[in-house]
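In: Provide a 3D model corresponding to the input given below.
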Amino acid sequence: MSKLSKKRKEKIADIDFSKSYDPKEAIKILKNNTYVKFDETLEIAINLGIDSGKTDQNIRGVINLPKGSGKKVRVAVMAKGDQAKKANDAGADIVGDDNLVQQISSGQINFDILIATPDMMPVIGKIGKILGPKGLMPNPKLGTVTQDISTAVKNAKSGQVQYRNDKSGIVHAGIGKLDFKEENLIENLKVFYNTILKSKSENIKKTGGSFIKKVSIASTMGFGLEINVGSLN
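Out: Here you go, the predicted structure:
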């Protein structure tokens, strides 16, 4: 550990953490200063000027990253009949109905996203206490409760990212792998930022003030750099 710490200190010694960086420059710095042997994720953190204690100010949704997330997402689908076949054809990793409910009830959760047809929701409600705390409960607003199973599975597999602010009013998400081309990471970054910007509720608009207070990016094991938001519009 001491060896890693020394290496990290050497890499960040000349970096100005008080500066607000252009996205391209920040990404280049993160790429040049990775010190781990695995492919890190580029993560974004957006500090919002909201009162997270007021439900009408919280934001939640999904974003289809134009260049994908680089993450292998395990998709489970709860559906029957033709819809189950469509899920399999679209590339879902797990497809089931009552048997899948039993697996989840017994603690077998081998997926990252659960998609369901509307008719399965009464059954899924029985395991809501298991799925809810893990952020896996299907939701129509997130496109995970739908009749268009094929599209939902393909979106989840191709780089769709769910987002929601935490109790501190911060939105966190992975927006690509650090080994992506710089221009691809910048495109994903801009799409994510502008989607969040457009999600500003009417209640926030009425109160005034800055909706987005700060934007930072970081690699999985690395440091964070603040981004000049003017360059993201």
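
In: Average pLDDT for the lengthiest helix in the chain, rounded please.
Out: Using DSSP state H, we find that the single longest helix of the chain is helix 182-198. For helix 182-198, mean pLDDT is 96.

In: Also stretch 44-60?
Out: 92.

In: what does stretch 132-141 give?
Out: Across stretch 132-141, the average pLDDT comes to 93.

In: Pull the residues that contact it.
Out: Stretch 132-141 is contacted from outside by 60-61, 78, 109, 111, 113-116, 121, 124, 128, 131, 144-146, 162, using C-beta atoms under 8 Å, 6 or more residues apart in numbering. (Each C-beta comes from the backbone N, C-alpha and C, glycine too.)

In: rerun at 10 Å
Out: 60-62, 76-78, 104, 109, 111-118, 120-121, 124-125, 127-131, 144-146, 152, 162, 164 (C-beta atoms under 10 Å, 6 or more residues apart in numbering).

In: how long is that stretch from one end to the other?
Out: Distance between the two ends of stretch 132-141: 15 Å, counting by C-alpha to C-alpha, to the nearest Å.

In: what does stretch 142-158 give?
Out: Terminal residues of stretch 142-158 are spaced 15 Å apart (C-alpha to C-alpha).

In: Could you pull out the buried residues of it?
Out: Across stretch 142-158, burial judged by 16 or more other C-beta atoms under 10 Å covers 142-146, 149, 152-153, 155-157.

In: what's the farthest-apart pair in these?
Out: For these, with distances taken as C-beta to C-beta, the pair at the greatest spread is Val145 and Lys157 (17.6 Å).

In: per the record, what domains does the protein have?
Out: Listed domain ranges for the chain are 17-69+160-231, 75-158 (source: automatic domain parsing).

In: Distance to Lys9 added to these, as a markdown table?
Out: Formatted as a markdown table, the domains of the chain follow (distance: least, C-beta to C-beta, whole Å):
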| stretch | distance to Lys9 |
| --- | --- |
| domain 17-69+160-231 | 10 |
| domain 75-158 | 35 |
